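K.L.:
mind looking at a prediction? Sequence and model below.
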Amino acid sequence: MIKLYDYLLSANCYKQRLLLNMLDVPHELVPVEFHPGREHESAEFKRINTLGHIPVIDDDDFILRDAHAILIYLACKFDGAGTWYPTGDPRLLGEVTSWLQFADGTTNTAAAARLHVNFGYDFDLKACQVGAHRLFRVLDEHLWFREQEGLGWVVSAPAPTVGDIALFPDVALSGEGGISHEDYPALRRWAERVQRLPGFIDMPGVLPTAPLPG
Amino acid sequence: MTVPDPASLLHPVAAGADLVPRHVVQSRLLGRALAIWKADDGFINIWEDRCIHRGMRLSAGINDGAELVCQYHGWRYSNRNGNCSYIPAHPGEAPARALRVPGFACAERYGLVWSGSPSAAGPPSIPTLEDTEVLPLRGLPVNVPAALALKGLAGYSFRPAAALGTGSPVATGTDTHSPYSVTVTAAAAGAESSVVFFVQPADAGRCVIRPVLSPAPAPEERLAVLRHHARGLEELRTQLEDRRPPEIAVQPPMATLAPLRGDTTAPTAGGRRPQVQVRVVRKWLTAEGIAAFELGPVSGELPSFQPGAHVDVHLPNGLVRQYSLTNGPGLTGVYRIGVKLEPQGGGGSRHMHDSVHVGDVLDLSEPRNNFPLRRDAARTVLIAGGIGITPLVAMAQTLARQGLTWELHYFAQSDDHIAFGEMLDPLARDVTMHLGLTPEQTGDELAEITRSYAPENHTYICGPGPMIEAARAVAAEAGWPEAAVHFEYFKNESPRDDTSAFDVSLARSNRSLRVHAGESLLDALRNKGVDLPSSCEQGACGTCLATVLEGEPDHQDVYLSGTERTAGDRMLTCVSRAKSGRLVLDL
């Protein structure tokens, strides 16, 4: 069974839990006490990931680190339909990759603001918040136009991809970093669409949403 | 032009397209945070974005189509009236009518949703948007005050929709038809378009530009036109913000926004006085011998209620009758009741059937709830006999919408006697009909229904007296505790004895009085100026309940359970009396 080295409150680990559940992949969570124990920096954990980062997966002794690399690996291995990581379509694959890159940006801004507020990290909070708003403005406009096109996800395909999974936790948890969603109505609707996907699970800080009728 | 007080106008607060099903939009107007949601019946609620309990944002709440649920402690608020309909921490109680979220004015025009002053004449009327198909463009939040945005927008230029790619942007006319809008017209290459920019003053430092284009472009040009303006407005925003960072620093309110609803009516003590006027908007025969009435407000809005509530109807012939509300959650604009014709009765139902018609005005009491529904049971068993279905229809719809585990057993003479079938049909999966049974067969069915009791199960029974007696007896036998068996009688058919006379002391008001034979305690109290609320005045509904501090009551009602009677600390003042020579009441 796949082992996920996991911390409940980590946005990057939550991405893996989300995709594992949505793809219905049996897995085992190995808790790593990120805060306050800083277990990810321990010598013992560094034998698993020399960079001292979570998440890491161990799939039958194949060890893989980096949140987005793991998403791609899981999608390629377990998504029979091939929609979560569309390797067969160069354009879609390019789009997905650009949104994974974009999600690195939200990690460095929105997620960093949350780390500062909740976990005592010493970041420039204001710079993180301003950076997050800059990205959310772009994302909100992008998603608004997707709705105009009759689509609902970050790439121009009818089904969600790992791009949506990579973005969702930073968006959903950014309120904890003092980043309001008041100016981003399309982003709020997209987040609800993600929450209504089959297999969606929440985490502390992600509030449930109303199911659609019927 | 002098700018009028922004709080005296209506402003856009959302695009109509933002209000997707089961969603809550987060917005802001004049520094006031708003939660905006559309119920399944299409009604748009614009509320203060704050749970009255602990201040949680309601825009983070759950829109279940009929009620908005706060995510913090689960307080539920009704569509339309904003009244709290349920508090999970007090599952057995009906929330006070004063618990209500402030709501604001709402209007729709040009594809936008408007709010602000309830006394404003309406959203602005713009000549270029009238009598033509319009297209609302994407709303753009800008971190500058509304006045600055309006100034900048006056310099906006663009290509007309039918001549997008043929040259540089132009502006051939600029106009101001309302204090918070700018109209820019572009004519080029034989084509002409106008954009009206409405500016929503979010707070003192921020606004949202909400453009509306006319005429609407051809479908194949739509996306290109939307992108054209998105680019143009993005450039304008960059200029306006002058490379200021896009941060949201919330400013204090600019003006006091008048709530739509005034203070709630003060709780009325008092006897059976009509408090609400309603007009009959619909009347239909819902089953053999059962007339259904839909009652709308004559003015203002109707007082709130929860499942299990009833109203007194004050008939023109002087009779007062109690009828349960059948309304499901969110249906708060009308009251729906069912009236069974009782040919041998006192004439109330005959009057309702024969003499009350659509358009007539009736006097009602405010709804009271002495039969409240818990929404925390593991399983809820509803048992209805005949017209006793009315409060249970309301309960069934509530339980179904919340996805709770429940079942309804409906005892009726035949198919023709099933009332409110149209409300029950969608719930058929959880409804069992028991038709045309003899009293013995009914008893057997009731025993079967209540056969298994498990913790956190609750049952609600309403029907003819003998049926309630039978159901309570078999439930008790099957191990249902009294606290899990809820019932409501229509009337008190037990023999009453008012021959006793006794003294009563009122502990709180430090008064005493004597109740003579033939006189009710309630009347004696009223003669002394103690104004207790009452409804059925025959010991069935529980409205005139008083707390007993000393003395032994002589219970003659059908409202209290056996345990409550034995405890002797509460009594119904309309029919019950004293076994001891003296009672001390907490009045």
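P.N.:
Good, I have the coordinates.

K.L.:
which helix or strand lies directly C-terminal to whichever strand or helix holds A:Glu44?
P.N.:
According to DSSP states H and E, A:Glu44 maps onto helix A:43-46. Reading on from helix A:43-46 to the C-terminus, the next helix or strand found by DSSP H and E is strand A:56-59.

K.L.:
residues in contact with that next one?
P.N.:
When contacts are defined by Cβ atoms under 8 Å, 6 or more residues apart in numbering or on different chains, strand A:56-59 is touched by residues A:2-5, A:16, A:48-49, A:63-65, A:70, A:73-74, A:77. No exception for glycine: its C-beta is placed from N, CA and C like everyone else's.

K.L.:
how much space between the closest residue to A:Val194 other than its chain neighbours and chain B?
P.N.:
Counting by Cβ to Cβ, 6 or more residues apart in numbering or on different chains, A:Val194 lies nearest to A:Phe168, which is 4.8 Å off, once chain neighbours are set aside. Per Cβ to the nearest Cβ, to the nearest Å, A:Phe168 is found 16 Å from chain B.

K.L.:
so who does A:Phe168 touch?
P.N.:
Listed by Cβ under 8 Å, 6+ apart, the contact set of A:Phe168 reads A:Lys15, A:Leu18, A:Ala191, A:Val194.

K.L.:
hmm, the longest helix along chain B in reach of chain A?
P.N.:
Taking DSSP state H as the criterion, chain B has its longest helix at helix B:222-241. Yes: using Cβ under 8 Å from any Cβ of the partner chain, helix B:222-241 reaches chain A at B:Arg222, B:Leu223, B:Leu226, B:Arg227, B:Ala230, B:Glu234.

K.L.:
just stretch B:37-50 next, same as before
P.N.:
Yes: for stretch B:37-50, a contact with chain A is found by Cβ under 8 Å from any Cβ, at B:Asp40.

K.L.:
need the strands for chain A, in chain order.
P.N.:
Applying DSSP state E to chain A gives strands spanning A:2-6, A:27-31, A:56-59, A:62-65.

K.L.:
would you list those in a markdown table and tack on mean neighbour count?
P.N.:
A markdown table is the format used below for the strands of chain A (neighbours: other Cβ atoms under 10 Å in any protein chain shown):
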| stretch | mean neighbour count |
| --- | --- |
| strand A:2-6 | 21 |
| strand A:27-31 | 14 |
| strand A:56-59 | 20 |
| strand A:62-65 | 14 |
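
K.L.:
what residues does chain B put near chain A?
P.N.:
Residues of chain B lying near chain A (Cβ under 8 Å from any Cβ): B:14-15, B:18, B:20-23, B:25-28, B:33, B:40, B:60, B:62-65, B:71, B:138-139, B:141, B:208, B:222-223, B:226-227, B:230, B:234, B:245-248, B:250.

K.L.:
sitting in strands, which of those do you find?
P.N.:
Counting by DSSP E, the part of the residues of chain B next to chain A found in strands is B:Ala14, B:Ala15, B:Val25, B:Gln26, B:Ser27, B:Arg28, B:Ala33, B:Ile62, B:Asn63, B:Pro141, B:Val208.

K.L.:
what is the nearest of the residues you listed to B:Asp586?
P.N.:
B:Ile62 (39.7 Å; Cβ to Cβ).

K.L.:
low pLDDT regions in chain B?
P.N.:
Where chain B drops to pLDDT under 70, the residues are B:1-3, B:243-256, B:260-271.

K.L.:
center of it - which residue?
P.N.:
Central residue of chain B (Cα atoms, centre = their mean): B:Ser78, 3.6 Å from the mean position.

K.L.:
got the contact list for that residue?
P.N.:
So B:Ser78 contacts B:Ala66, B:Glu67, B:Cys84, B:Ser85, B:Ser304, B:Pro329, B:Gly330, B:Thr332 (Cβ under 8 Å, 6+ apart).

K.L.:
then A:His68?
P.N.:
Contacts of A:His68 (Cβ under 8 Å, 6+ apart): A:Leu100, A:Ala103, A:Asp104, A:Val162, A:Ala166.

K.L.:
can I assume B:Ala428 sits in a strand?
P.N.:
No: counting by DSSP: H, G, I helix; E, B strand; the rest coil, B:Ala428 is not found in a strand; it is helix.

K.L.:
what's the local residue count around it?
P.N.:
11 (other Cβ atoms under 10 Å in any protein chain shown).

K.L.:
for chain A, see how far away it is.
P.N.:
Plainly put, B:Ala428 is 16 Å away from chain A if you go by Cβ to the nearest Cβ.

K.L.:
swap in B:Glu241?
P.N.:
B:Glu241 is 11 Å from chain A, by Cβ to the nearest Cβ.

K.L.:
what does B:Leu153 give?
P.N.:
From B:Leu153 to chain A the distance is 18 Å (Cβ to the nearest Cβ).

K.L.:
near chain B, which residues of chain A show up?
P.N.:
Residues of chain A found near chain B (Cβ under 8 Å from any Cβ) are A:126, A:129-130, A:133-134, A:137, A:141, A:144-145, A:148-149, A:179-183, A:185, A:188-189, A:192, A:207-213.

K.L.:
show me which of those residues are buried.
P.N.:
A:129-130, A:133, A:137, A:141, A:144-145, A:179-183, A:185, A:188-189, A:209-210 (16 or more other Cβ atoms under 10 Å in any protein chain shown).

K.L.:
need the contact partners of stretch B:554-564.
P.N.:
Contacts of stretch B:554-564 (Cβ under 8 Å, 6+ apart): B:370, B:465, B:482-483, B:485, B:489, B:492-494, B:496-497, B:500, B:539-542, B:545, B:565, B:570-572, B:574-579.

K.L.:
again with stretch A:127-138
P.N.:
Stretch A:127-138 has contacts (Cβ under 8 Å, 6+ apart) with A:102, A:105-106, A:108-110, A:112-113, A:116, A:171, A:174, A:177-179, A:181, A:183-184, A:187, B:245-248.

K.L.:
which of the residues you listed are buried?
P.N.:
A:102, A:105-106, A:108-110, A:112-113, A:116, A:171, A:174, A:177-179, A:181, A:183-184, A:187, B:246-248.

K.L.:
residues touching residue 119, list them.
P.N.:
Reading this off chain A. Residues in contact with A:Phe119 (Cβ under 8 Å, 6+ apart) are A:Phe34, A:His35.

K.L.:
my question was about chain B
P.N.:
Per Cβ under 8 Å, 6+ apart, neighbours of B:Ser119: B:Ser8, B:Ala258.

K.L.:
wait, a helix at it?
P.N.:
No: in this structure, B:Ser119 is coil, not part of a helix, as judged by three-state DSSP.

K.L.:
now the strands for the stretch 301-450 of chain B?
P.N.:
Along the stretch 301-450 of chain B, counting by DSSP state E, counting those that start in this stretch, strands occupy B:310-314, B:320-324, B:335-340, B:361-364, B:379-385, B:406-412, B:431-435.

K.L.:
those strands: which one's closest to B:Ser452?
P.N.:
Of all these, strand B:379-385 comes closest under Cβ to Cβ, at 9.6 Å.
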